[in-house]
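Novice: Sequence and predicted structure, then a few things I'm wondering about:
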Amino acid sequence: MRVALWGSLRPYAGGAAAVELEAGTIRELLAALVTAHPGVAPFLESGIAVSIDGVVYQNSPGQTIPAGAEVYLLPRLRGG
Amino acid sequence: MPLDTNHQTRTYKIVGQRPVRPDGVDKVTGRARFGADMTAPGMLWGVMLRSPHAHARIVRIDASRAEALPGVHSVVTRADFPEESGGNDDVLDHCIAGDKALYDGHGIAAVAATSRALARRAAALIAVEYEVLPHVTDVDAAIEPGAPIIRAGLRTSGDPDAADADTNIASRHEFGHGDVDAGFAQADVIVERSFTTGASHQGYIEPHACLATLNSGGQGEIWCCTQGHFAVRNTCAAIMGIEASQLRVTASEIGGGFGGKTTVFLEPVALALSRKSGRPVKMVMDREDVFRASGPTSSSSIDVKIGATKDGRIVAADATLRYQGGAYPGSPVDMGSMSAFACYDMPAVRTVGFDVLCNRPKQAAYRAPGAPMAAFAVESVIDDLARELRIDVLDFRIRNAAKDGTQSSYGPKYDQIGLLPTLEAAKAHPHWTAPLKPGEGRGIACGFWFNFGGETCVSLNINVDGTVGLSVGTPDIGGSRASMCQMAAEELGIPYADIRTIVADTAALGYNDVTDGSRVTFATGLATIEAAREAIGKLCDRAGQLWGIPAEAVEWRDGAAHPAGPNAGRFAPMTLAEIAAKAAETGGPIAGHHEVNADGAGVSFGTHIADVAVDPGTGRTTVTRYTVIQDAGKAVHPAYVEGQFQGGAAQGIGWALNEEYIYDDDGHLLNAGFLDYRIPVASDLPMIDTQILEIPNPGHPYGVRGVGETPIVPPLPTIANAIRDAAGVRMGHAPMSPPRVLAALKGA
């Protein structure tokens, strides 16, 4: 699947705006990303959110990712 | 938790009503217990000694004279804390300094004594030898070559091209899509401006306060005013090197938070004083402490460039944002960068943010952290761009508004969003077409916030008399106990008054995230509904037992169990109270419980309109009319939704016109009090009109969205645009205080 990266991640993942990964869940996606691009690991450790078809998940590693879904990585959201 | 797709439009009986808040009587009669209201036998008072320097090495601390004072029971410095803080080094350092004082007001040592006056006397006897260092408090000055370095060894994360040298830039963040340079090449008109914003404080009326005990066996308790007592427990336990199970934290009533009570400032110090003295220790900040040593928001410096074609289509946008977050990494510049252009459909957009260190207190969250400053800059340029194109400023926003399916400026495509309805409602609102008086001007601006859910755990207990106790773990700041009662009552089908919601302590429930991010009505509400549904399942089972039919043959309607169709048998409906009265005969207590890590909160948009009058002689701006229009999803308690709209607008207006941390050349905060740091009072503001749009969030059973953050985003640019309309000057700094407006008028 195509996984779009926010701008800060791109230099650590080959420079592209998106990477191709094989994953069925968010957990698998993040593991595959770190395996392919170890430089992104610090970003994941400091907190990440995953948007699947416009719905932002930051607490659901088991969330399945439908085939053809728009997948976008984001920093973990904070609030006041 | 996966997105709840069970949302259905339904007719509500209690949700959407405006019942009296259950905590109201105690609050208006003075009986509610806030942070400073708790005492304990043998209690001591703790007082901090704070740094008079903005940046200084701590050479030596001599507390012998303080310790010798009769009535002084303990003195602590950083040396009294374990070196390992469980990942909370910055939080602890902000509470009590290590080898350097990093800002004016930084805690250096603390004393516990039998009275507050004695503790203050003792603190003054502590001798501290400082080596004063060069300091910097301005965000742009902090990134100049040769600026004083606040943290030796700091390198910029997120920037592979950053030099391997000491810097005050903690991190770089970038977002966007499309070819920005190519986009600008297509533009007929480009507007490019720079802006700055001052650091504002949340201005909560209740200062930080706590009462802490920690015995030599490692067992402790804290009573404190906080937005998240579970987070207080985890942070303090980690800092003090004790197990979370041994520290019980109870949240007091809270006199405002707005993000500023999402961390700890006093609690670890009070625990250390208690452990050393063997006595309970109470600490209460005075207002000067609150300003100098809690967590205001960031000040910022922002460059914005937006290009559009003659027909009013935005083709490219670019922004660079620099936020200082005090002497520690973690400013919300990433959130500001993500939200800056979130209201618009742009084919090419880029934001770059820099998190900068300065000699100021560590920033804390403040309603939609990072977004108001970005909106001030972007919405000001949007306004100027529309004016250059000679297109109505509202029509220009409608033409370029993000819609369902728009690729957001921060990445993903939007699902169901409500920006366009707020703009259309603004256009149809009587305020937009009302005549202005001579000298008045009108401004409009939009705002965005993400919202989120988070870890949540609730218990719902059916009492034997048919009433219900609901325990939640999210401190009630904006009336959430009333909203939870409403949702539980709606689901159970019983009166609102039959439910009492309490904020339980950390020993009573699983972990709950902080009350922040506009998450409580969404996430705690979702958990409450699910807990009620679990209880309903058990109530049906008990009714089935009493009727001698299976639970599957029982259905719940209107607060009672009914046979589910003719084949289930003919039984008169059995109410919740009737089932509860026989609970002991059917298996004992009846309860529902739910824990969730909620996702699917749904983003939020708002549009504000302001009329202002600018006094050409003094530069004073008076807001004469103000309207907030926002998508709230389903408004559970509309009066509290309106209150959030009005409160956010009032705080934003204060930031827009007056509120700002002011430092002297030595890095001392000059206005650490409400006389000199001026928040708006009722007589400063008109009645703030509100219009709630209810576009359901598909991620919540009732369609709820968070509402508390978004209302503070549009006011800064709304006021700026109104001043532009009234006086013909574009203000580049917020707050737009009278001296600044006057200077702009003279320069115009």
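Specialist: Thanks, I have the structure now. These figures come from a predicted structure and were not determined experimentally.
Novice: quick one: the strands in the stretch 251-400 of chain B?
Specialist: B:281-284, B:299-308, B:314-324, B:349-356 (DSSP state E, counting those that start in this stretch).
Novice: Put together JSON lines for the ones you listed, with distance to B:Pro715, mean pLDDT and mean neighbour count on each row.
Specialist: Any C-beta I mention is one placed from the backbone N, CA and C, and that applies to glycine too. Putting the strands of the stretch 251-400 of chain B into JSON lines (distance: least, Cβ to Cβ, whole Å; pLDDT from 0 to 100; neighbours: other Cβ atoms under 10 Å in any protein chain shown) gives the following:
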{"stretch": "strand B:281-284", "distance to B:Pro715": "31", "mean pLDDT": "98", "mean neighbour count": "26"}
{"stretch": "strand B:299-308", "distance to B:Pro715": "16", "mean pLDDT": "98", "mean neighbour count": "25"}
{"stretch": "strand B:314-324", "distance to B:Pro715": "19", "mean pLDDT": "98", "mean neighbour count": "25"}
{"stretch": "strand B:349-356", "distance to B:Pro715": "21", "mean pLDDT": "98", "mean neighbour count": "27"}
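Novice: give me the number of residues near B:Asp26?
Specialist: The number of residues packed near B:Asp26 is 12, by other Cβ atoms under 10 Å in any protein chain shown.
Novice: actually B:Ile712, sorry about that
Specialist: With other Cβ under 10 Å as criterion, B:Ile712 counts 32.
Novice: Can you tell me how far it is from chain A?
Specialist: Separation of B:Ile712 from chain A (Cβ to the nearest Cβ, to the nearest Å) stands at 9 Å.
Novice: What confidence value was assigned to that residue?
Specialist: At B:Ile712, the model reports a pLDDT of 98.
Novice: quick one, what contacts it?
Specialist: B:Tyr366, B:Arg367, B:Ala368, B:Ala371, B:Pro372, B:Gly447, B:Gly648, B:Ala649, B:Gln651, B:Gly652, B:Trp655 (Cβ atoms under 8 Å, 6 or more residues apart in numbering or on different chains).
Novice: Then B:Gln416?
Specialist: B:Asp404, B:Gly602, B:Ile695, B:Pro696, B:Asn697, B:Pro698.
Novice: Where does it sit: helix, strand or coil?
Specialist: coil (DSSP: H, G, I helix; E, B strand; the rest coil).
Novice: Please report how far B:Val614 lies from B:Val132.
Specialist: Distance, B:Val614 to B:Val132, using Cβ to Cβ, to the nearest Å: 43 Å.
Novice: neighbour count winner among those two?
Specialist: Higher neighbour count among B:Val614 and B:Val132: B:Val614, with 26 against 14, using other Cβ under 10 Å.
Novice: Leaving out chain neighbours, which residue sits closest to that one?
Specialist: B:Ala727 (4.4 Å; Cβ to Cβ, 6 or more residues apart in numbering or on different chains).
Novice: can you pull the pLDDT of the residue of the stretch 251-400 of chain B found nearest chain A?
Specialist: For the stretch 251-400 of chain B and chain A, the shortest gap (Cβ to the nearest Cβ) falls at B:Gly259, measuring 2.5 Å. B:Gly259 is assigned 97 on the pLDDT scale.
Novice: quick one: contacts for A:Ser51?
Specialist: Per Cβ under 8 Å, 6+ apart, neighbours of A:Ser51: A:Tyr57, A:Glu70, A:Val71, A:Tyr72, A:Leu73, A:Leu74, B:Gly411, B:Pro412.
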